[in-house]
Every structure is written in structure tokens, then in C-alpha cells.
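J.: need a 3D model of the sequence below.
(2 chains)
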Amino acid sequence: AQTVTQSQPEMSVQEAETVTLSCTYDTSESDYYLFWYKQPPSRQMILVIRQEAYKQQNATENRFSVNFQKAAKSFSLKISDSQLGDAAMYFCAYRPTGANSKLTFGKGITLSVRP
Amino acid sequence: EAGVAQSPRYKIIEKRQSVAFWCNPISGHATLYWYQQILGQGPKLLIQFQNNGVVDDSQLPKDRFSAERLKGVDSTLKIQPAKLEDSAVYLCASSLGWGPGADGNQPQHFGDGTRLSIL
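T.: All right, here's what the predicted structure looks like:
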């Protein structure tokens, strides 16, 4: 069974600084998708960034980028120029390829941003 | 486009009572998901529909939970009778479910969830 591990329960960053959130996963599949979701207090899960495992190039979305290390099964999220609105819970998630495949989430990490 | 709509936003009931949640997915989305998110954990998939058919309900406690999507659009999730451990946020999500990326790359769009408290 696939598992997603986020070992840091909380992190804090100074506004305008950079922070990296860690995630590891376990799978026997060779092709799959990885995601980072943001969940603010409003509770709505918002997709931040996604990575296809067959692509070696790390995904980037504006201030958000990932460090995808397939051999190490590591998928970290880097937030540059942190803003107060980045404060939220962040979830790492894994989904295998294949129709109707299931999305598996980690436990999440609470990010606070200090003004 | 309008997002995934869920109601109610909050619900408080006593144990052994019944409760129902409603979800209206994004228009045109064939796949609908119900997740349970217990405090301090990530969401866990309860059931997945493709149109009005169930694709995966392996983690749905079928002795007390039921869900339906009769016309392939909106869906209801019911708990009867509720237990204390059912206290959680219930999230609904939808995705296109067809066309390019239907093998797992299609993003899931989430609603705001229903926070259920069992007394």
C-alpha cells in the first residue's frame, strides 16, 4: 500500500523568506503523480503544484517549486518570498496512474508566517 | 465557474442520531469523491463515484455510512447512527473524470467541507 509521510507537524517562516516543507512516500509503482495541497482555515483544499513522476524536471508555479527526488522517494515544497496568505496547512499527496486511482494524503504540516 | 458546493457548513448532533450532507460538484464533472478528515490528519477517501456508479467504497463503514448520486450530479452522504469517532470534516471533491489526464492527473476540486461534531 502506498503511504505518504510528512514528519514535521509545524513550521514557521518570516515573511519574505524561503521555507521548505518535506514529504516522503512509499510506492512500488514506477509512474505516478505527486501533489501539494494548501488548506487554509476556510477548509477548502487548494491545489498548489503537481509533479508527474516520469518527468525529471521539477515543477514550478510562481513562488512555489518542488524538489522531486524519485530514487529517494522525496517530494519537498519550497515557498519563496513567503507571504502572510501562505499561512495554512499543507498536504502532500500521491496518486498512481490508472483510471479511478485513489489520492492518498499525508498528515499535513501547519505553516505559520511571521510578519 | 462555480466551485463545489457543500451544505451544511456545520452540524452538531448527539451520538446515535442520523445526519446527511449534500454536495453539488462542478458542472460537467463526472467523478465525485467524499473524504473524511479527522482533526490533525489528512483527508481519507470514503467513496468515489463515476457518474452515478460507485468506483471505490472500500473505506466506507457500510454498517453506518451510505452515499448516493442517483442522477450522476449531486450527491448525499448519510451517517446513521453516528458515533463519537465520526466527528470530522467531510469534504466533497469533483474532477472531470474523462478525456486527457483521466488516468489520475486531473486535479480534484474541493468544496469547503462540513464540520460534524458528535456530542
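J.: number of nearby residues for A:Arg63?
T.: When neighbours are defined as other C-beta atoms under 10 Å in any protein chain shown, A:Arg63 has 14 of them. Heads up, the C-betas are built off the backbone N, CA and C, glycines and all.
J.: so it is in contact with A:Asp81, correct?
T.: Yes - A:Arg63 is within contact range of A:Asp81, at 5.4 Å (criterion: C-beta atoms under 8 Å).
J.: who does the lowest-mean-pLDDT helix or strand in chain B pair up with?
T.: Here the helix or strand of chain B ranked lowest by mean pLDDT, DSSP states H and E is strand B:53-56, holding a mean of 90. Strand pairing for strand B:53-56, determined by DSSP bridges: strand B:44-50 (antiparallel).
J.: what is the mean pLDDT for the strand it pairs with?
T.: Strand B:44-50 carries an average pLDDT of 94.
J.: who does the most centrally placed residue in chain A bridge with?
T.: In chain A, the residue lying closest to the centroid (C-alpha atoms, centre = their mean) is A:Trp36, at 3.1 Å. Beta-bridge partners for A:Trp36, by DSSP bridges, are A:Ile49, A:Cys92.
J.: residues in contact with it?
T.: Neighbouring residues of A:Trp36 by C-beta atoms under 8 Å, 6 or more residues apart in numbering or on different chains: A:21, A:23, A:47-50, A:64, A:66, A:75, A:77, A:90-93.
J.: and the gap between the residue in chain A that chain B sits nearest to and B:Ala5?
T.: Nearest residue of chain A to chain B (C-beta to the nearest C-beta) works out as A:Phe105 at 3.0 Å. According to C-beta to C-beta, to the nearest Å, A:Phe105 stands 22 Å off from B:Ala5.
J.: residues contacting the residue of chain B found nearest chain A?
T.: Nearest residue of chain B to chain A (C-beta to the nearest C-beta) works out as B:Gly42 at 3.0 Å. Counting by C-beta under 8 Å, 6+ apart, B:Gly42 makes contact with A:Val4, A:Phe91, A:Ala93, A:Phe105, A:Gly106, A:Lys107, A:Gly108.
J.: from those residues, which two are the most distant?
T.: Maximum pairwise distance in the contacts of B:Gly42, criterion C-beta to C-beta, is 11.3 Å, between A:Ala93 and A:Lys107.
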